[in-house]
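Participant: dropping the sequence and predicted coords here.
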Amino acid sequence: MKFKSIFITGGAGYCGSRIVPRLLDKGYKVTVYDIMYFGYDFLPKNNPNLNIITGDIRDSKKIGDTCKGHDVFISLACISNDTSFNLDEALSTTINLDAFEPMVKAAKSSGIKRFVYASSSSVYGVSDKKDVKENHPLVPLTLYNKYKGLCEPILKNYSDNNFEGVTFRPATVCGYAPRLRLDLSVNILTNFAINKNKIVVFGGKQLRPNLHIEDYCGVVECLINAPSDKIKDQIFNVGYQNLSIAEIAKKVKKVVENYFPDKKKIEIETTPSDDNRSYHINSDKIKNVLGFVPKLTIEDAVRDLCVAFKENKIPNSFEDDFYFNLKRLKRINAK
């Protein structure tokens with residue numbers, strides 16, 4: 001193991017809540033740095049190799065002080081998804097863009113050796129190209145996507161032989177996590193299918209790449225361990241199935257009906273949408289360079305959610321704002 005200590009901003013978020021236990025199980029020492037909009041009771045707090053810090057990424061001094069002594073910096077923290085972003089544009093700008101360069105500088109000054117940045121495949125916006133590769137022009141439709149794209153060259157500007165920067169652009173993540181989000185496409189559809197016996201599809205023709213959350217964790221682990229000469233200053237798409245929203249809905253319906261055979265048939269209703277993001281990403285580069293290939297499907301993600309619902313791990317799945325970024329940010333009046 002080349003690197004042994006990991007510092008993760010946003011470690012108490014959706015993806016972080018799956019990554020942190022996985023890294024601890026592999027023997028890493030992990031520090032979670034998070035503003036804790038959703039708390040952290042779901043993290044393995046009793047693990048002696050886990051350090052939990054409540055902090056704001058806009059506080060670059062605190063970032064610099066607390067990341068000292070770590071090898072790898074994983075940057076996950078942001079205001080996620082467009083609706084949450086639009087709730088308070090000024091807040092989102094300070095967190096998703098303004099804080100990034102001071103955070104990178106602080107990490108570099110504190111002796112971090114590798115900085116892994118989670119961008120987004122949504123930076124491509126709309127493209128009718130059969131395969132969107134990493135060199136495709138970025139045509140973001142929203143400020144959330146625009147800022148993700150703007151942060152990528154900032155990291156590259158600070159990268160050198162002692163501070164390796166690498167970016168990955170994950171597809172829309174799906175599947176169960178302890179800090180579950182039910183405001184992402186596959187997870188939304190599954191929640192409705194199980195609890196309302198009805199799936200409402202907004203639009204339907206938009207192509208949307210997906211990535212199982214366990215494969216997302218696999219990417220992060222891969223980028224922690226990859227040889228320097230293969231990842232420094234690189235950008236990697238990471239997605240698996242590129243399907244239309246309508247196709248995803250049919251898969252969700254089939255899995256849920258098979259898992260809950262006593263339920264009545266699930267209805268699919270289609271309604272217009274103003275969300276025009278549509279793109280088909282190509283993930284050959286990370287396969288060819290690092291040998292990483294996603295293994296889990298949308299169906300696997302839906303089955304995981306079915307199990308969690310059956311085991312009552314997801315109570316009040318429409319009412320509790322724990323599952324919905326926008327609702328929680330509104331209620332706590334996040335600043």
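Facilitator: That came through, no problem. Residues are numbered from 1 along each chain as shown.
Participant: buried set for the helix or strand bottoming out on mean pLDDT in the chain?
Facilitator: The least trusted helix or strand in the chain, going by mean pLDDT, DSSP states H and E, turns out to be helix 82-87, with a mean of 80. Of all the residues in helix 82-87, those buried under the rule 16 or more other CB atoms under 10 Å are Asp82, Thr83, Ser84, Phe85, Leu87. Bear in mind the C-beta positions are built from the backbone N, C-alpha and C, glycine included.
Participant: any residues touching the following helix or strand past that helix, and which ones?
Facilitator: The C-terminal neighbour of helix 82-87 among helices and strands, as given by DSSP states H and E, is helix 89-93. Residues outside helix 89-93 that contact it (CB atoms under 8 Å, 6 or more residues apart in numbering) are Ile79, Ser84, Phe85, Asn86, Leu143, Tyr144, Tyr147, Ala334, Lys335.
Participant: one more: stretch 52-60?
Facilitator: Contacting residues not belonging to stretch 52-60 are listed as 9, 12, 31-36, 40, 43, 45, 62-63, 66, 77, 94-95, 98-99, 102-103, 105-106 [CB under 8 Å, 6+ apart].
Participant: stretch 74-82 too?
Facilitator: By CB under 8 Å, 6+ apart, stretch 74-82 touches 6-11, 13-16, 19, 33-35, 57, 85, 91-92, 95-96, 100, 103, 115-118, 142, 144-145, 148, 181, 183-184, 220, 224, 325-326, 329.
Participant: give the contact list for Arg22.
Facilitator: Arg22 makes contacts with Cys217, Glu221, as judged by CB under 8 Å, 6+ apart.
Participant: for it, give its distance to Lys2.
Facilitator: 17 Å (CB to CB, to the nearest Å).
Participant: mind putting the buried residues of helix 82-87 into a markdown table with distance to Lys26?
Facilitator: Below are these laid out as a markdown table (distance: CB to CB, whole Å):
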| residue | distance to Lys26 |
| --- | --- |
| Asp82 | 34 |
| Thr83 | 35 |
| Ser84 | 31 |
| Phe85 | 33 |
| Leu87 | 36 |
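Participant: need the max-distance pair from the residues you listed.
Facilitator: Pairwise distances across the buried residues of helix 82-87 peak at 9.9 Å for Asp82 and Leu87 (criterion: CB to CB).
Participant: any chance of the contacts of helix 89-93 in JSON lines, with distance to Thr271 too?
Facilitator: Output for those, formatted as JSON lines (distance: CB to CB, whole Å):
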{"residue": "Ile79", "distance to Thr271": "27"}
{"residue": "Ser84", "distance to Thr271": "22"}
{"residue": "Phe85", "distance to Thr271": "23"}
{"residue": "Asn86", "distance to Thr271": "20"}
{"residue": "Leu143", "distance to Thr271": "25"}
{"residue": "Tyr144", "distance to Thr271": "23"}
{"residue": "Tyr147", "distance to Thr271": "29"}
{"residue": "Ala334", "distance to Thr271": "30"}
{"residue": "Lys335", "distance to Thr271": "34"}
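Participant: can you name the residues that contact Asn49?
Facilitator: With the criterion set at CB under 8 Å, 6+ apart, Asn49 makes contact with Leu24, Gly27, Tyr28, Lys29, Val30.
Participant: restricted to helices, list the residues you listed.
Facilitator: Among the contacts of Asn49, DSSP state H puts Leu24 in helices.
Participant: may I ask which of the contacts of Asn49 has the most neighbours?
Facilitator: Highest neighbour count within the contacts of Asn49: Val30, with 27 neighbours (other CB atoms under 10 Å).
Participant: tell me the spacing between that residue and Asp59.
Facilitator: Distance, Val30 to Asp59, by CB to CB: 20 Å.
Participant: helices along the stretch 1-150 of the chain, start to end?
Facilitator: 16-25, 60-67, 82-87, 89-93, 100-109, 143-158 (DSSP state H, counting those that start in this stretch).
Participant: buried set for the fourth one?
Facilitator: Spelled out, it's helix 89-93. For helix 89-93, using 16+ other CB under 10 Å, the buried residues are Leu91, Ser92.
Participant: pull the CA atoms of it into PDB?
Facilitator: Presented in PDB, the C-alpha positions along helix 89-93 are these (Å, rounded to 0.1, in the frame of the first residue of the first chain):
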ATOM      1  CA  GLU A  89     -26.700  30.500  -6.000                       C
ATOM      2  CA  ALA A  90     -24.400  32.500  -3.900                       C
ATOM      3  CA  LEU A  91     -23.900  29.700  -1.400                       C
ATOM      4  CA  SER A  92     -23.400  27.200  -4.100                       C
ATOM      5  CA  THR A  93     -20.800  29.400  -5.900                       C
END
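Participant: ok so, going back, only the buried subset of the contacts of stretch 74-82, as a PyMOL command please.
Facilitator: Paste this into PyMOL to select the buried members of those, with burial taken from 16+ other CB under 10 Å:
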select buried, resi 6+7+8+9+10+11+13+14+15+16+19+33+34+35+57+85+91+92+95+96+100+103+115+116+117+118+142+144+145+148+181+183+184+220+224+325+326+329
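Participant: what about the stretch 201-335 of the chain, any weak spots by pLDDT?
Facilitator: Of all residues in the stretch 201-335 of the chain, none has pLDDT under 70.
Participant: tell me where it has strands.
Facilitator: In the stretch 201-335 of the chain, strands defined by DSSP state E, counting those that start in this stretch lie at 207-212, 235-238, 242-244, 267-271, listed in chain order.
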